[in-house]
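K.L.:
only geometry, no sequence info:
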């Protein structure tokens with residue numbers, strides 16, 4: 001295994017305001033990153049209480065009847081839904097805790113987490129905002145449909161990529177995470 005992957009998984013956040021295109025960028029990055037030999041998982045923070053089940057499903061009936069957790073599985077995948085105990089609800093789960101579900105992952109892309117300390121790139125779409133909202137040394141790049149000079153509050157030295165420049169964005173992430181690797185075309 002590549003020495004730089006001994007501390008697994010690595011985290012990289014794709015951040016930005018609501019409807020900036022985070023999910024779209026992640027779904028475009030995934031085939032590029034996995035095509036280079038990485039096992040990639042994703043973690044998305046939902047500020048609302050997401051619903052995985054809908055009325056009429058068996059697991060919905062299980063929760064309605066009082067189950068605090070349920071697992072749905074097939075031969076190829078599984079999904080765990082577990083309610084947080086009330087005393088733990090004030091404490092948000094961390095990506096490190098959630099990463100325990102992905103022990104094989106080399107990289108976990110975090111969707112959101114704009115105020116976190118993880119290395120991140122921020123998406124800025126002119127239709128929503130022209131302001132850079134991520135601050136600090138962990139903002140590694142900006143992805144936008146705006147001209148670099150049109151991004152307000154862009155820290156000096158932070159590179160800017162176009163929304164469709166997925167190959168270059170993936171290459172940048174890999175060079176950021178694996179700075180000593182001469183060949184980021186295939187990390188493992």
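P.N.:
All right, it came through fine. Because the structure is a prediction, the values reported are computed rather than measured.
K.L.:
flag the shaky bits of the chain, pLDDT-wise.
P.N.:
Counting by pLDDT under 70, the chain shows low-confidence ranges at 1-7, 47-51, 87-91, 180-188.
K.L.:
longest helix in it, by number of residues?
P.N.:
In the chain, taking DSSP state H as the definition, the longest helix is helix 22-35.
K.L.:
helix or strand next in line after that helix, which one?
P.N.:
Downstream of helix 22-35, the next assigned helix or strand under DSSP states H and E is strand 40-44.
K.L.:
which elements pack onto the helix or strand just after that next one?
P.N.:
Later in the chain than strand 40-44, the nearest helix or strand by DSSP H and E is helix 58-64. Helices and strands touching helix 58-64, by 3 or more C-beta pairs under 8 Å, 6 or more residues apart in numbering; DSSP states H and E, are strand 69-73. C-betas here are computed from N, CA, C, even on glycine.
K.L.:
list the buried residues of the following helix or strand past the strand it packs on.
P.N.:
Per DSSP H and E, the first helix or strand lying C-terminal to strand 69-73 is strand 78-82. For strand 78-82, the neighbour count (16 or more other C-beta atoms under 10 Å) marks residue 81 as buried.
K.L.:
what is the distance between strand 78-82 and the centre of its chain?
P.N.:
19 Å (C-alpha atoms, centre = their mean, to the nearest Å).
K.L.:
no further questions, thank you.
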